[in-house]
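> coords below, sequence missing:
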């Protein structure tokens, strides 16, 4: 049985086995890569867990189709991100209200989550890890906040932090 199980495996250099990764594998490669691994790693880990498959002619055709689709998705994603960056750069900015003390310092702080929420209210969706703050904003004023949307697309957003109209009391501090 062992011989027939390994008969369809493609051997590479030094007796290693060639496989096509069906998922990203840390320290080995990304989905779609053709890799060479030791037979034990292939037979005992990668193939049984569905992380890799044998590079048959059919699988390689499917891989090419997948790569073309991924490339199209990637190009569309980059175009969407560039359009979003352009929209943010032309945008006048967002205003965030926060409770302040008598000397205009904030009770809490304004961070990425509040900025993302402010952008979402304006119809622009970004993730909090795209907001690049040097530290949380702890006072009122106008701030230039850098955004890294991914794929080396950067833009800058103006954030105005103003005192909220409601009066803060000692019981509703965060």
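Received the coordinates, thanks. Since the structure is predicted, the reported quantities are computational estimates derived from the model, not experimental observations. Numbers count the residues shown, from 1 in each chain.
> Quick check: chain neighbours aside, which residue is closest to the most centrally placed residue in the chain?
Most central in the chain under C-alpha atoms, centre = their mean is residue 150, positioned 7.4 Å from the mean C-alpha point. Ranked by C-beta to C-beta, 6 or more residues apart in numbering and with sequence neighbours excluded, the top spatial neighbour of residue 150 is residue 81, at 6.2 Å. From N, CA and C alone the C-beta is placed, and that goes for glycine too.
> So which other helices or strands are in contact with the longest helix belonging to the chain?
If you go by DSSP state H, the chain has its longest helix at helix 57-90. Here helix 57-90 touches strand 17-21, strand 141-150, strand 153-163, going by 3 or more C-beta pairs under 8 Å, 6 or more residues apart in numbering; DSSP states H and E.
> Name the residues of the helix or strand that that helix is followed by that are buried.
For helix 57-90, the following helix or strand on the C-terminal side (DSSP states H and E) is strand 94-98. Within strand 94-98, the residues that count as buried by 16 or more other C-beta atoms under 10 Å are 94, 96-98.
> Kindly report the same for stretch 124-138.
124, 126, 130-131, 137.
> neighbouring contacts of that stretch?
84, 87-88, 91, 105-106, 109-113, 115-116, 119, 143, 145-150, 159, 161 (C-beta atoms under 8 Å, 6 or more residues apart in numbering).
> One more pass at 7 Å, please.
84, 87-88, 105-106, 109-113, 115-116, 119, 143, 145-149, 161 (C-beta atoms under 7 Å, 6 or more residues apart in numbering).
> Between the two ends of it, how far is it?
Start-to-end span of stretch 124-138 (C-alpha to C-alpha, to the nearest Å) is 24 Å.
> ok, now stretch 119-138?
Start-to-end, stretch 119-138 (C-alpha to C-alpha) is 19 Å.
> tell me the average confidence for it?
When pLDDT is averaged over stretch 119-138, the result is 93.
> Wait, a helix at residue 44?
Yes - Residue 44 forms part of a helix when assessed by DSSP: H, G, I helix; E, B strand; the rest coil.
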